[in-house]
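# Have a look at this prediction, sequence included:
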Amino acid sequence: MKVAVVHDWLVTYAGAERVLEQILTCYPEADLFAVVDFFNDEQRSKYLMGKKANTTFIQKLPFAKTKYRAYLSLMPLAIEQLDLSKYDLVISSSHAVAKGVITGPDQLHISYVHSPMRYAWDLQHQYLKESGLEKGVRSFFARRILHKMRIWDLRTANGVDFFIANSNYIAKRIWKVYRREAKVIYPPVLSSACVKSTKPKEDFYLTASRLVPYKKIDLIVKVFAKMPDKKLIVIGDGPQMKIIKKIASRNQNITLMGYQDSAVVLDFMQRAKAFIFAGEEDFGIVNVEAQGCGTPVIAYGKGGGLETINSINSASPTGLFFYEQTEEALIVAINKFAHIKFNPDFCYANAEKFSQEVFIKEFRAFVDMAVAKKFGAEAAKSDK
């Protein structure tokens, strides 16, 4: 069978790209497609089996490398221009437009959805507020574009034969938006994050994330500014760095380390007494990575975290939740954490459920089932 794998865009290596990496591991002969591909040779070799994506006309537009999101309104048109007619199996890895590729009745299209377009659906108002687009002419045009994106997004759901969601939380969102059932296959966590650590725990809390508004790193920093007896390490960079620096500047218990490579993040995760996560995530790979280091998680109790962290009420707790994104709620959770003893073995065991090996096994089995339904059992066998 000829296989095509379609991804939204290749600019940075994050959660969606980890999934793409393992999909390509399952189908190493597949051809790769994307709206744009700005990976360098090292990234391409390390994460994409050396593959360079077939891209759209947006790849050649001015400033596309850094301003590709500005061309969002053109992406539906762009993704529809990819010619996939010669492929039997099309697998899209989509959080924006990848699922909108055009396929025919004799082709099988399976879409792994990281989320329906958040900014076009239930998070539209949050997106407009954070982008300063609540009022005025620019707001009008932004809202009109998002309205058209919703219509297009809903229409293209009909071109998908089978949906896969990265969590039950996203499966519910897929049902709400598209009225389609989705198989849940959790994203793969790097195997290195599931290696037991012998490093002793130290007296500091850790958070690591891109510094963007919805991650709520500013909330965490504000809380520790009010708790000078507790030490916080912040790893990450992004648009909110100046704001967070201002909050942390007068507090010696808060250390901002900026961007660090994965080896440094892993080292701090292994030594931290707890990892703190205050955002609402579709899945939250970083929470699983922390547990893979034997580190319990203090997390906002909404979204994918409810599926990846065992609460203190479970038989094998790996963290605790707070249920309001407020300073008061997080302070209560941190103080409560100080009186609970967590077993790192519970954290290791829970993280292993989200390994690369589990993902590959479940993903391949689901695709084989879909191929057998579409083309017959012999086609599924020959594809292995």
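Cool, got the structure.
# rest of the way, CA atoms for contacts and neighbours
Will do.
# which residue packs closest to L84, ignoring adjacent ones?
Nearest residue to L84, sequence neighbours excluded (Cα to Cα, 6 or more residues apart in numbering): T103, at 6.9 Å.
# er, F363 I mean
Residue nearest to F363 in three dimensions, not counting chain neighbours: I185, with 6.9 Å by Cα to Cα, 6+ apart.
# Surely that neighbour is in contact with S167?
Yes: shown here, I185 and S167 form a contact pair, counting by Cα atoms under 8 Å, at 6.8 Å.
# on that earlier part again, the residue nearest to L84 - how many residues pack around it?
The criterion is other Cα atoms under 10 Å. On that basis, T103 has 21 neighbouring residues.
# pLDDT at it, what is it?
Each residue has a pLDDT score; the one for T103 is 97.
# rewinding a little: I185 and S167: who's more crowded?
Neighbour tally, I185 and S167, criterion other Cα under 10 Å: the higher count belongs to S167, 27 against 19.
# what's that one in contact with, if anything?
184-186, 282-283, 304, 307 (Cα atoms under 8 Å, 6 or more residues apart in numbering).
# just Y178 next, same as before
With Cα under 8 Å, 6+ apart, Y178 has these contacts: 154, 157.
# Tell me the pLDDT of it.
96.
# phi, psi of the residue nearest to L84?
Per-residue torsions, T103: phi -130, psi 160 (degrees, to the nearest 10).
# who touches it in this structure?
Neighbouring residues of T103 by Cα under 8 Å, 6+ apart: 84-85, 109, 159.
# between these, which is nearest F277?
Comparing the contacts of T103 against F277 with Cα to Cα picks out H109 as the nearest, at 34.7 Å.
# what helix or strand does the closest one sit in?
Applying DSSP states H and E as the criterion places H109 in strand 108-113.
# Which neighbours in the sheet does that strand have, and how are they oriented?
strand 89-94 (parallel), strand 162-165 (parallel) (DSSP bridges).
# With just CA atoms, put whichever helix or strand comes after the shortest one into PDB.
Right, strand 162-165. Sequence order places helix 168-178 as the next helix or strand after strand 162-165, per DSSP H and E. Provided in PDB are the C-alpha atoms of helix 168-178 (Å, rounded to 0.1, in the frame of the first residue of the first chain):
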ATOM      1  CA  ASN A 168     -10.800  11.200  26.100                       C
ATOM      2  CA  TYR A 169     -11.000  15.000  26.700                       C
ATOM      3  CA  ILE A 170     -10.300  15.600  22.900                       C
ATOM      4  CA  ALA A 171     -12.600  12.700  22.000                       C
ATOM      5  CA  LYS A 172     -15.400  14.600  23.700                       C
ATOM      6  CA  ARG A 173     -14.400  17.800  21.800                       C
ATOM      7  CA  ILE A 174     -14.400  15.800  18.500                       C
ATOM      8  CA  TRP A 175     -17.900  14.600  19.300                       C
ATOM      9  CA  LYS A 176     -19.100  18.100  20.200                       C
ATOM     10  CA  VAL A 177     -17.700  19.700  17.100                       C
ATOM     11  CA  TYR A 178     -18.000  17.000  14.400                       C
END
